[in-house]
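**Q** fold the stuff below for me.
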Amino acid sequence: EAQTVNLMVSADGSNTFNQATLPVELEEKSYTVLDTSEGAVMLHVNHGNRAPVGVGGVYISDKDGYRYSMSLPNNVRSPSGDCEFDK
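**A** Reported below is the predicted structural model:
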């Protein structure tokens, strides 16, 4: 399937949005926000065909939620969006 998505982030109460930046150029099929309680966003990204079905990467953001770095590769995600991730 050729459809991809892009994550748009606002740090000013939804007045402006910027596209989130992942560390490498990969297909982005879906997102699951895992946690936002520590001043950063923990995000699971489904990369589609680059990984087995139901497997993606967990990324952590900078303080504004714009730039992300890989935190945990090959994380399992169920079809309902639940991830094998504990804070």
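
**Q** which other helices and strands does the strand of greatest length in the chain contact?
**A** The strand spanning the most residues in the chain, taking DSSP state E as the definition, is strand 68-76. Packing partners of strand 68-76 (3 or more Cβ pairs under 8 Å, 6 or more residues apart in numbering; DSSP states H and E): strand 42-46, strand 55-61. From N, CA and C alone the C-beta is placed, and that goes for glycine too.

**Q** quick one: the last one to strand 68-76, angle?
**A** Same thing as strand 55-61. Interaxial angle of strand 55-61 relative to strand 68-76 (axes from the mean of the first three to the mean of the last three Cα atoms, to 10 degrees): 150 degrees.

**Q** is the most far-flung residue of the chain relative to its centre in a helix, a strand, or coil?
**A** Distance from the C-alpha centroid of the chain peaks at N15, with 21.7 Å (Cα atoms, centre = their mean). Using DSSP: H, G, I helix; E, B strand; the rest coil, the secondary structure recorded for N15 is coil.

**Q** list phi and psi for it.
**A** phi -80, psi -40 (degrees, to the nearest 10).

**Q** next one: it from A40, what distance?
**A** 21 Å (Cβ to Cβ, to the nearest Å).

**Q** how near is the residue farthest from the centre of the chain to D64?
**A** Distance from N15 to D64, by Cβ to Cβ: 14 Å.

**Q** contacting residues for the closest residue to Q3 other than its chain neighbours?
**A** Leaving aside its sequence neighbours, Q3 sits nearest to K29 (Cβ to Cβ, 6 or more residues apart in numbering; 7.6 Å). Listed by Cβ atoms under 8 Å, 6 or more residues apart in numbering, the contact partners of K29 are 3-5, 46-48.

**Q** can we see that at 7 Å?
**A** By Cβ atoms under 7 Å, 6 or more residues apart in numbering, the contact list for K29 reads 4-5, 46-48.
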